[in-house]
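Q: structure for this input, please:
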Amino acid sequence: VHETLYGQINEGEVCAWSEIGGAISTFANKEEAWQAGYTIAHCGACGQCSNWQDLRLQYTTRTYLAQASFICSKKSLVHGADAVHE
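A: You can find the predicted model right below:
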């Protein structure tokens, strides 16, 4: 499973930014991004979700969302899918 999910994580296109609040671009690979002086945001091409407002939201809610997801999945596994609908 690990190989299937993460085996090629460091290969292929990357989404990267030039500076905080600056340009966000897709590069063919991580080396091209680094050579251009960009910082990698994530693997894969940039999508519609890759704007500064959304990146900021993802970063600032990462701890809360991980905790909420854990609690939700635990309820679902222990008490069934209906337990997570409030």
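Q: my guess is Thr39 contacts Ala16, does it?
A: Yes - counting by Cβ atoms under 8 Å, Ala16 is a contact partner of Thr39 at 5.9 Å. C-beta: built from backbone N, CA, C; applies to glycine.
Q: what about stretch 23-43, start to end distance?
A: The first residue of stretch 23-43 is 17 Å away from its last residue (Cα to Cα, to the nearest Å).
Q: please say which of Thr39 and Ala16 ends up with more neighbours.
A: Residue environment comparison for Thr39 versus Ala16 gives the larger neighbour count to Ala16, 23 against 12, counting by other Cβ atoms under 10 Å.
Q: list the buried ones in the least confident helix or strand in the chain by mean pLDDT?
A: For the chain, scoring each helix and strand by mean pLDDT, DSSP states H and E identifies helix 2-6 as the least confident one, at a mean of 73. Taking 16 or more other Cβ atoms under 10 Å as the neighbour-count basis, helix 2-6 is seen to contain no buried residue.
Q: mutual contacts of Thr39 and Ala16, please.
A: Among the neighbours of Thr39, those also in contact with Ala16 (Cβ atoms under 8 Å, 6 or more residues apart in numbering) are Ala33.
Q: mind jotting down where the strands sit in the chain?
A: Ranges of strands in the chain, per DSSP state E, are 14-17, 24-27, 39-43.
Q: what's the most buried one of these?
A: Sort these by mean neighbour count, taking mean count of other Cβ atoms under 10 Å, and strand 14-17 sits at the top with a mean of 22.
Q: which residues sit against it?
A: Applying Cβ under 8 Å, 6+ apart, the external contacts of strand 14-17 come out as 23-27, 29-30, 33, 36, 38-47, 50.
Q: change it to 7 Å
A: Outside strand 14-17, the residues within contact range by Cβ atoms under 7 Å, 6 or more residues apart in numbering are 23-27, 29-30, 33, 38-46, 50.
Q: good, we can wrap up now.
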